[in-house]
Structures are given as structure tokens and as C-alpha cells.
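>>> Sequence unavailable; structure follows:
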């Protein structure tokens, strides 16, 4: 017999999980964050809201779920609630509503990388392996007991966007297995090792700026962690330049960190703090389109010896 499930999530990360619940169980409702205006002031629906509307699933967008949603959620009488990047903290009153509690789809192998940005931090820290954790929701963020985990290798030079998509698919596989365990009465939960906890707070605008005095691999990790959406940025005189892809150069150069040490028709190499250079592959000038380095260099000539700041 299928479980009665309420899904709480907002961005694309949760959609494969939501699809799996929709296929395998009785999806009572979706809950997502209220609509927000986009960059041009137009209201944009979140991916979870689009799914709910497309599949005629009841949808709720509580301004504050712990204040506004308790009675509504109680009236639905769910067996379990599933969260995946919902975006609001849940009160104990909400946590206590489902018969089997609330389980969360988290994008790391907890207790590593608790917090809001585990997938970005996996790339930022240059981790070779990450994964999905299904855990019981408690008042303390990402601190609940673990139901199951599945690892995933981070590919060489993989950016956050690619890893995000693969993690979302793995999350769907995990939630299918987790709900089967709950439905069959075979779910067991293991406490996290608090001595191994690390965190992944939301990346700030200050962190997005490239510090060319840092080692080359750290700079590449930052670029990939912020790609393909935000981009790591640097300054070129009065102009802001965003970089979305880069590789370690196999050439040796002399110069100082931030200096353009090679600039030809196809190569834009910048020296880093460890004396190694990175080759910039994709970038975007302020108020311009994102482009590959060859297209960029065709339209704008940089001088070898000039510096990024």
C-alpha cells in the first residue's frame, strides 16, 4: 500500500525526488516557497511549483510554514513528509505532524557539509567523493539520524551545475529506497558522529571574488563551484569579468599573481599565487554575453603583462 506523502521543496534539485514520489506513492500535496520576482521584475514560478501545476497536485506556498501551515498540513494526515531544498526551518509542531516523521534529502555524506550549500562546497573543497544522505528531520539543521546514504564520485573538472544534476538523480533513487524501507517497517536510523561535522554555509558575494594570490587549484575549484550560474569574478581596471571555466596550464611562466602571462588567439593564461597559471576557457564581460575564450579574444585584445585584480 502506497504511503501518503507531502513533499516540501523549491528548486530543481528536488524535482526528480518529487517525480519518484508521484510515481510510487500517494502525493497529497507540494509545499514550496512563495513566488519571487526575477531579474526583470517578472514573477517566476519555482520548478516544484511548475511540477505541481502540471500534474494537478495541490500546492501550498506558506510565507512562514511554522506559523501559517500547521493546521493545513495536519488536515492532510500524511504518513510521511519529504523535504529537498525547501528553504524554511521547520518547527517541532510541523515535524510532529506525519505518522513516520519527516525525512530530508541532503546533498552530502553527512555529517560532512551540513548546511545550505553542500554541493557547491564539494566542488569548492576539491572533494573526490560526495553523495546523498536521507535523514530524519530534527530541530537542529541536518543533525538528524541517518536512514541511508549513497556515495557519488565528483568527476575531474566537474562544475557545480553538472554535479547538481547528478546529485538530484541520485536523490530520487535514494528516496525511493528510503520510502520502501519506511513502508515495509524496515527503516533503521543511525546517529551522526558529531566529532566529524563540517559545514557549508551559503557562499557570500565576497567569497565569489577571485583572490589571485591563492594556489591555482583553489582558484579553479572556486570557478567550478560557481559555474554555470553565478561565476567567480575578478576586476580588469574598472570592468568586472566573470570566469566560468578554467584548467591548470602545463606551461611555466614568470610574473606575479593575477598577471596575464599569455594572451594569444586561443590562450588566456593568468598566474596564480603558487607560481602556476590557469587557462581561462569561458568568461563574461560586464553587461555582455558569456562566451568561450576564443570568441572573447577575437573581440577584445588583452596585453600580456596586464593584471587582474
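Nice, I can see it. Everything numeric here is computed off the predicted structure, so don't read it as measured data.

>>> Can you name every helix or strand that the helix or strand of the chain with the lowest mean pLDDT contacts?
Every helix and strand of the chain was ranked by mean pLDDT, DSSP states H and E. The lowest is strand 36-37, at a mean of 82. For strand 36-37, the packing partners by 3 or more CB pairs under 8 Å, 6 or more residues apart in numbering; DSSP states H and E come out as strand 43-44. (Glycine included, C-beta is placed from N, CA and C.)

>>> Pull up the gap between residue 114 and residue 273, please.
Separation of residue 114 from residue 273 (CB to CB, to the nearest Å): 30 Å.

>>> and the two? which has more neighbours close in?
residue 114 (20 against 16; other CB atoms under 10 Å).

>>> pretty sure the more buried one contacts residue 199?
Yes: using CB atoms under 8 Å, residue 114 is in contact with residue 199, at 5.4 Å.

>>> Local confidence estimate at residue 301?
Here the pLDDT value assigned to residue 301 is 67.

>>> OK, contacts around the nearest residue in space to residue 274 that is not next to it in sequence?
The shortest distance from residue 274 to any non-neighbouring residue, by CB to CB, 6 or more residues apart in numbering, is to residue 215 (4.2 Å). Applying CB atoms under 8 Å, 6 or more residues apart in numbering to residue 215 gives the contacts 272-274, 276.

>>> From those, pick the one nearest residue 228.
residue 272 (21.9 Å; CB to CB).

>>> check contacts around the closest one.
212-216, 219, 257, 278.

>>> make it 7 Å
Residues near residue 272 by CB atoms under 7 Å, 6 or more residues apart in numbering: 212, 214-216, 219, 257, 278.

>>> Now, of the residues you listed, which are buried?
Buried subset of the contacts of residue 272 (neighbour count, 16 or more other CB atoms under 10 Å): 212, 216, 219, 257, 278.

>>> Nearest residue to the middle of this protein?
residue 119 (4.6 Å; CA atoms, centre = their mean).

>>> Please name the nearest non-neighbouring residue to that residue.
residue 107 (4.7 Å).

>>> Now for the one you found, how many residues are close by?
27.

>>> next one: the one 5 residues further on
Counted with other CB under 10 Å, the neighbours of residue 112 add up to 21.

>>> Residue 18: what's it in contact with?
Residue 18 neighbours (CB under 7 Å, 6+ apart): 7, 9, 30, 48, 51.

>>> Make JSON lines out of those residues and add neighbour count.
Listed next are the contacts of residue 18 as JSON lines, based on neighbours: other CB atoms under 10 Å:
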{"residue": "7", "neighbour count": "29"}
{"residue": "9", "neighbour count": "26"}
{"residue": "30", "neighbour count": "27"}
{"residue": "48", "neighbour count": "29"}
{"residue": "51", "neighbour count": "23"}
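
>>> May I see the buried residues of the helix or strand encompassing residue 220?
Following DSSP states H and E, one finds residue 220 within helix 216-225. Going by neighbour count (16+ other CB under 10 Å), the buried part of helix 216-225 is 216, 218-225.

>>> Check those against residue 178 and report the nearest one.
residue 225 (27.8 Å).

>>> mind checking how far the closest one is from residue 34?
28 Å.

>>> same deal with residue 229?
21 Å.

>>> Quick check on the two: which one has the bigger neighbour count.
Neighbour count, other CB under 10 Å: between residue 229 and residue 34, residue 34 has more, with 13 against 10.

>>> Was I right to think that one contacts residue 64?
No: with contact defined as CB atoms under 7 Å, residue 34 and residue 64 do not form a contacting pair (9.8 Å).

>>> Spatially nearest residue to residue 155 (excluding sequence neighbours)?
residue 162 (7.3 Å).

>>> A strand includes the one you found, no?
No: assigned with DSSP: H, G, I helix; E, B strand; the rest coil, residue 162 falls outside any strand and is helix.
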